[in-house]
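Colleague: Return atomic coordinates for the entry below.
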Amino acid sequence: MIEITGLTKTYGSGNKTVNALNGVDLQINSGMFGLLGPNGAGKTTLMRILAGIVNPSSGAIHVNGHDLTTEAGKHAVKSMLGYLPQELGMYTELTAGQFVDYMAILKGLDDSRKRSQRVMEVLEMVGLREVAKRKIKGFSGGMKRRVGIAQALVNDPKMLIVDEPTAGLDPEERIRFRNLLVNLAADRIVLLSTHIVEDIGQTCRDLAVLAKGKILFRGSPAEMLKAAEGHVWMLTMSGMEKPNHDLTVVSMLHLAEGTQYRLVGANVNGYSSAQPTQPGLEDGYVWLMKNSNQQVEVA
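Modeller: Coordinates of the predicted model:
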């Protein structure tokens with residue numbers, strides 16, 4: 001279990017400060033947990049604090065009872081942690097097997113026979129065993145991400161943190177990666193940080209939305225979807241007409257009779273032809289962002 005209370009992180013000093021995190025309270029249990037938010041929301045800062053790379057400015061954070069604000073706590077958590085950052089530096093002249101073996105040595109796997117066995121196990125888990133002797137420089141983006149997951153798993157962690165893992169991947173690789181993460185969450189905490197709503201909807205039963213360093217929402221995908229009920233509309237407009245600026249366009253479809261807009265907003269006053277429609281997960285997220293100055297309650 002991860003317990004976060006009143007967590008803040010401020011960068012800079014004097015008049016030039018940035019509050020990356022501002023009083024975050026969060027409890028995360030075993031399984032797949034999604035942290036969703038726009039770029040610059042504070043997600044990566046939170047991931048780096050959980051990984052013991054960055055110290056918080058204030059607040060408390062415990063992982064399986066270990067206090068991450070102490071050196072002893074950091075050491076204990078790092079021994080049970082697997083971490084895939086947004087940008088993982090790789091020695092691309094090494095083969096996949098050599099790189100994961102190198103990372104295993106850094107994580108304290110000293111027995112060469114057991115280490116070699118474990119390296120092959122994790123490469124098998126991510127579907128790369130057959131290319132273990134190929135140099136990483138010849139891998140696709142998706143294959144490199146899977147090497148990243150392999151190195152994160154090599155010490156058999158109880159907690160796995162992945163930061164924006166599917167950004168830039170093609171649809172097939174994104175699906176493969178999402179399925180891999182779901183399988184890994186069967187017996188550990190997997191914390192997925194992303195700005196891609198679909199990735200959360202396809203993998204997580206529990207999530208939080210972070211914006212401007214604050215938690216806007218905590219609940220299930222179904223509850224986030226429910227937050228937008230009564231605020232999603234379909235509207236078809238002809239010619240060069242466009243919806244007013246109070247309405248957020250989620251999607252649009254060009255038809256013979258005009259352009260069909262899917263809109264999120266408090267109301268559609270002035271558009272008598274607008275029809276209410278059932279919200280989707282992306283609609284719920286857009287509604288939360290439109291109300292990012294306040295926490296949205298779900299009945």
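
Colleague: In the stretch 151-299 of the chain, mark out all the strands, start to finish.
Modeller: Here the stretch 151-299 of the chain has its strands, by DSSP state E, counting those that start in this stretch, at 159-163, 189-194, 206-211, 214-219, 232-237, 248-255, 258-264, 275-276.

Colleague: Which residue lies closest in space to Gly258, excluding its sequence neighbours?
Modeller: Nearest-residue entry for Gly258: Ser238, 3.8 Å, with adjacent residues in sequence omitted and distances by C-beta to C-beta, 6 or more residues apart in numbering. The way it works is simple: take the backbone N, C-alpha and C, and place the C-beta from them, glycine included.

Colleague: quick one, what contacts that neighbour?
Modeller: When contacts are counted by C-beta atoms under 8 Å, 6 or more residues apart in numbering, Ser238 touches Glu257, Gly258, Thr259.

Colleague: coming back round to it: tabulate the strands of the stretch 151-299 of the chain (TSV), appending mean pLDDT, mean neighbour count and distance to Asp67.
Modeller: Listed next are these as TSV, based on pLDDT from 0 to 100; neighbours: other C-beta atoms under 10 Å; distance: least, C-beta to C-beta, whole Å:
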stretch	mean pLDDT	mean neighbour count	distance to Asp67
strand 159-163	93	22	15
strand 189-194	93	24	17
strand 206-211	94	22	22
strand 214-219	94	20	21
strand 232-237	93	19	43
strand 248-255	92	13	42
strand 258-264	93	19	41
strand 275-276	93	12	49
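
Colleague: among these, which is nearest Asp170?
Modeller: For the strands of the stretch 151-299 of the chain, the distance to Asp170 is smallest for strand 189-194, at 16.2 Å, taking C-beta to C-beta.

Colleague: Centre-most residue in this structure?
Modeller: When the chain is reduced to its mean C-alpha position, the nearest residue by C-alpha atoms, centre = their mean turns out to be Ser193, at 1.5 Å.

Colleague: re the thing from before, with Leu7 as the reference, name the closest of the strands of the stretch 151-299 of the chain.
Modeller: Leu7 lies closest to strand 214-219 among the strands of the stretch 151-299 of the chain, at 9.9 Å (C-beta to C-beta).

Colleague: what are the pairing partners of that closest one, and which direction each?
Modeller: Next to strand 214-219 in the sheet, as set by DSSP bridges, lie strand 206-211 (antiparallel).

Colleague: returning to what we had before: return the member of the contacts of Ser238 nearest to Gln151.
Modeller: Checking the contacts of Ser238 against Gln151 with C-beta to C-beta, the nearest one is Thr259 at 47.0 Å.

Colleague: ok, now which ones touch that closest one?
Modeller: Listed by C-beta under 8 Å, 6+ apart, the contact partners of Thr259 are Thr236, Met237, Ser238, Met252, Leu253.

Colleague: Arg262 too?
Modeller: By C-beta under 8 Å, 6+ apart, the contact list for Arg262 reads Val232, Trp233, Met234, Val249, Val250, Ser251, Met252, Thr277, Asp283.

Colleague: residues contacting the third one?
Modeller: Contact criterion C-beta under 8 Å, 6+ apart gives Gln260, Tyr261, Arg262, Leu263, Ala274, Gln275, Thr277 as the residues in contact with Met234.

Colleague: what about the fifth one, distance to Leu210?
Modeller: Going back to what we said before, that points to Ala274. Distance of Ala274 to Leu210, computed by C-beta to C-beta, to the nearest Å: 31 Å.

Colleague: again, but for the first one
Modeller: Gln260 sits 32 Å away from Leu210, going by C-beta to C-beta.

Colleague: Count residues in the vicinity of the residue lying closest to Phe177 once chain neighbours are set aside, would you?
Modeller: Closest residue to Phe177 apart from its sequence neighbours, by C-beta to C-beta, 6+ apart: Thr166 at 5.4 Å. Number of residues near Thr166 (other C-beta atoms under 10 Å) recorded here: 23.

Colleague: which intervals of the chain have sub-threshold pLDDT?
Modeller: Within the chain, the ranges that satisfy pLDDT under 70 run 293-299.

Colleague: Okay, domains of the protein per the record?
Modeller: Under automatic domain parsing, the residue ranges defining each domain of the chain are 1-80+158-224, 88-156, 230-277.

Colleague: Which one, of those, ends up nearest to Trp287?
Modeller: domain 230-277 (5.4 Å).

Colleague: And that closest one, end to end?
Modeller: End-to-end distance of domain 230-277 (C-alpha to C-alpha, to the nearest Å): 8 Å.
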